[in-house]
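Colleague: Please work out how this folds:
(3 chains)
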Amino acid sequence: MKLAALPAPDFDLAGTLNCGQVFHWTETSGEWTGLIGTRAVRVHQEGASLIVPAGTETLCANYFALDHPLRSVYRSFPRDAYSQAALKRSRGIRILRQPLWECLATFLFSSMKQVPHIRQISFKLRERFGEPVRGSSLNAFPSPERLAETNEAALRECALGFRAANLRATAGRIANGDLNLESLRSLPTPELRAHLMSLPGVGEKIANCALLFAYERLDSVPVDVWIARILRGMIGQPTASLASLQLYADNQFGRYAGYIQQYLFHYARASRELPGC
DNA sequence: ACCCAGGGGCAAG
DNA sequence: CTTGCCCATGGG
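Modeller: Numbering: from 1, shown residues only, chains lettered A, B, ... in the order given. A predicted model of the protein is given here:
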């Protein structure tokens, strides 16, 4: 297999694939194997270069968002000690440009699940309902059409629980053309968010995940239990509501709020430290 | 048995 | 706009 080297300054491949924004990549001694949509890809990092299969340069540069202006992102970080520690520790993580449906569906069934379990469900759905991919033992993420035509019981066998009905119903609304994820790209973020939240099982948090990790709305902040803990510690209000924390992040973190959020999320989980503790 | 996890949805104030 | 309450399930 011929390889190509992409210039990748300010890039941490392992951190990027390990920080809780994507759930199907596997690492073996520095080599990362996964899929970008329906393309099998094996990549690794050598210093400031990302080594990718020849012919996938454009695909990989786009997926790994090697064009994101990390210098500007870092300048926009809050000045407090905790945020700066998170920046130091998480430096090089990039917010991916993920396929729309795969990303939305994955975060749809992420609710009240731990990260390793989300991974497990992603693998099961791919194995059972996904199309085979040439050169990969991992199947593509199943299409909305495929998931819409399954019955709920089959989905529940993938450990989806109560999320099975929501996933199937949402897949149905997309499969029958009621909502076109691709054509929503042109909408301003608030309208786009509203359309996503009209889907069964998609509230503000999951909509913000899709906005950030797939639609490249880098100012979107998904507030989960971890971000809530971090923000509560940061502002010294242990009982602040989720809604007030959402407002705080939206108003204080600026145009790259989603990046700040991701760095805080990864730092809190990796270091097991919270602000003010 | 108990606790937690990258929540959603609704009613009521 | 906000708070309160119930829904839900697999893994540690």
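Colleague: quick check: mean pLDDT across stretch A:218-227?
Modeller: Stretch A:218-227 shows a mean pLDDT of 98.
Colleague: does DNA strand B sit close to it?
Modeller: Yes. Interface with DNA strand B: stretch A:218-227 contributes A:Pro222, A:Val223, A:Asp224, A:Val225, A:Trp226, A:Ile227 (C-beta under 7 Å from any atom of the strand). To be clear about C-beta, it is placed using only N, CA and C from the backbone, and glycine gets the same treatment.
Colleague: Which of those are buried, as a PyMOL select command?
Modeller: Filtering those down to the buried ones (16 or more other C-beta atoms under 10 Å) takes a single PyMOL command:
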select buried, chain A and resi 222+223+224+226+227
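Colleague: Of the residues of stretch A:218-227 next to DNA strand B, which is the nearest to A:Glu273?
Modeller: Nearest to A:Glu273 out of the residues of stretch A:218-227 next to DNA strand B is A:Trp226 (C-beta to C-beta; 12.0 Å).
Colleague: Wait, that closest one touches A:Ala270, no?
Modeller: No. A:Trp226 is beyond contact range of A:Ala270, at 11.3 Å (criterion: C-beta atoms under 8 Å).
Colleague: For the residues of stretch A:218-227 next to DNA strand B, name the two members farthest from one another.
Modeller: For the residues of stretch A:218-227 next to DNA strand B, with distances taken as C-beta to C-beta, the pair at the greatest spread is A:Pro222 and A:Val225 (11.0 Å).
Colleague: shared neighbours, those two?
Modeller: Common contact partners of A:Pro222 and A:Val225 (C-beta atoms under 8 Å, 6 or more residues apart in numbering): none.
Colleague: Report all helices and strands that the single longest strand found in chain A contacts.
Modeller: The residue-count maximum for a strand in chain A (DSSP state E) belongs to strand A:39-46. Packing partners of strand A:39-46 (3 or more C-beta pairs under 8 Å, 6 or more residues apart in numbering; DSSP states H and E): helix A:13-18, strand A:31-36, strand A:49-53, helix A:57-63.
Colleague: now those as CSV including mean pLDDT?
Modeller: As requested, these are exported to CSV (pLDDT from 0 to 100):
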stretch, mean pLDDT
helix A:13-18, 98
strand A:31-36, 98
strand A:49-53, 98
helix A:57-63, 98
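Colleague: Quick check: which of the ones you listed is nearest to A:Glu149?
Modeller: strand A:31-36 (22.0 Å).
Colleague: Now do the contacts for the nearest residue to A:Asp80 once chain neighbours are set aside.
Modeller: Leaving aside its sequence neighbours, A:Asp80 sits nearest to A:Met234 (C-beta to C-beta, 6 or more residues apart in numbering; 6.9 Å). A:Met234 makes contact with A:Asp80, A:Tyr82, A:Ser83, A:Pro275, A:Gly276, according to C-beta under 8 Å, 6+ apart.
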